[in-house]
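Visitor: Task: produce atomic coordinates for the following.
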Amino acid sequence: MPDSNEPESTSESPTGRLADVDLSVKLSKSDGKKKLKKAQKRLLHLRLALGGQLDGDHTLGPPLCVVFEGWDASGKGGAIKRLVSQLDPRHVRVRQFAAPTPDEQRHHFLWRFWPALPGWGGMSVLDRSWYGRVLVERVEDFATTEQWQRAYGEIVDFERTLADEGMILVKIWLHLSSEEQLDRFRAREKNALKSWKLTDEDWRNRDRRGDYEAAVEEMLDRTDHEGGRWTVIAGDNKRWARVEVIRTVIKAIEDGMAAHGIEVPSGP
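Guide: Residues are numbered from 1 along each chain as shown. Okay, here's the model as predicted:
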């Protein structure tokens, strides 16, 4: 339960409707550090349980896949860093997906994601994913209308197949206000060690924010299902978002273990 002086969690918000997300939520530096440490410790405990590494019990738990989508500069990289930083790197795989290569374009758009998926006892974190088909590929006309319209059903069927096999699938959209995004873009421009993150494509995407918002809303509406719920997290305050991401994953693990009849470990 959140502390009495802490803003109410946004991760329980219903699917979609970006305008309903409270972007004013924030954590102070001291609160953020304390809550992050606590959440990371609990996640580590659960991760070891899924990997069969606790109490000499080598029974593997269900595979865990965390999918990150969000606006440019919404903090996906920083959130992923905090999510996995306390985990044994042998037990988690992080993959980043950009535009498909020419060889990948020769296959069905979902083909390139299969090797990144975790098996039982495993964990994968995806920075961008198959949702590119109904986001950037839709908006920038890299896919035909027939292709991206068909993709909603293909994605849902794909995710249901994974869920039916036992996968815990966590889908996160990091939401960011236009004003905060502009501030972050300008800050990157001035930082020699971060300017490489900002490209002409980022500015072009920002100019088409309205088109992308429409695509995001439809994605959230049409691909939210029992086997793969969307969680929209307010990202204007990085400390809030990072803690909320880990809490979202913790809850998904606990619910997934309980659904498989696996005892959820108590503790931190």
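
Visitor: At the geometric centre of this structure, which residue sits there?
Guide: In the chain, the residue lying closest to the centroid (CA atoms, centre = their mean) is Phe68, at 2.5 Å.

Visitor: and that residue, what does it touch?
Guide: Contacts for Phe68 (CB atoms under 8 Å, 6 or more residues apart in numbering) come out as 76, 79-80, 125-129, 172, 174. (Each C-beta comes from the backbone N, C-alpha and C, glycine too.)

Visitor: Return the subset of the residues you listed lying in helices.
Guide: The helices, defined by DSSP state H, take in 76, 79-80 from the contacts of Phe68.

Visitor: Mind putting those residues into JSON lines with distance to Leu220, neighbour count and pLDDT?
Guide: Output for the ones in helices among the contacts of Phe68, formatted as JSON lines (distance: CB to CB, whole Å; neighbours: other CB atoms under 10 Å; pLDDT from 0 to 100):
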{"residue": "Lys76", "distance to Leu220": "17", "neighbour count": "22", "pLDDT": "97"}
{"residue": "Ala79", "distance to Leu220": "18", "neighbour count": "26", "pLDDT": "98"}
{"residue": "Ile80", "distance to Leu220": "20", "neighbour count": "20", "pLDDT": "98"}
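
Visitor: Redo those residues as JSON lines? Include distance to Leu43.
Guide: Listed next are those as JSON lines, based on distance: CB to CB, whole Å:
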{"residue": "Lys76", "distance to Leu43": "17"}
{"residue": "Ala79", "distance to Leu43": "13"}
{"residue": "Ile80", "distance to Leu43": "13"}
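
Visitor: about what we covered before: which strand or helix spans the residue nearest to the centre of the chain?
Guide: strand 64-70 (DSSP states H and E).

Visitor: Determine which residue of this protein is most distant from the centre point.
Guide: Centroid-distance maximum for the chain: Gly56 at 31.3 Å, with CA atoms, centre = their mean.

Visitor: Closest one of the contacts of Phe68 to Val245?
Guide: Ala79 (4.6 Å; CB to CB).

Visitor: Check the gap between that closest one and Ser178 for me.
Guide: As judged by CB to CB, to the nearest Å, Ala79 and Ser178 stand 20 Å apart.

Visitor: Let me see the ranges of the strands in this protein.
Guide: For the chain, strands defined by DSSP state E occupy the ranges 64-70, 93-96, 123-127, 168-175, 230-234.

Visitor: The lowest-mean-pLDDT helix or strand in the chain packs against which elements?
Guide: Each helix and strand of the chain was given a mean pLDDT (mean pLDDT, DSSP states H and E); the minimum falls on helix 200-207 at a mean of 87. Contact here means 3 or more CB pairs under 8 Å, 6 or more residues apart in numbering; DSSP states H and E; on that basis helix 200-207 packs against helix 178-190.

Visitor: pLDDT weak spots in the stretch 1-150 of the chain?
Guide: Across the stretch 1-150 of the chain, the ranges flagged by pLDDT under 70 are 1-16.

Visitor: how about the helices of the protein, start to end?
Guide: 29-50, 76-84, 136-139, 145-164, 178-190, 200-207, 209-222, 238-259.

Visitor: JSON lines please, covering those helices and showing distance to His108.
Guide: Below are the helices of the chain laid out as JSON lines (distance: least, CB to CB, whole Å):
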{"stretch": "helix 29-50", "distance to His108": "30"}
{"stretch": "helix 76-84", "distance to His108": "25"}
{"stretch": "helix 136-139", "distance to His108": "13"}
{"stretch": "helix 145-164", "distance to His108": "8"}
{"stretch": "helix 178-190", "distance to His108": "32"}
{"stretch": "helix 200-207", "distance to His108": "25"}
{"stretch": "helix 209-222", "distance to His108": "19"}
{"stretch": "helix 238-259", "distance to His108": "27"}
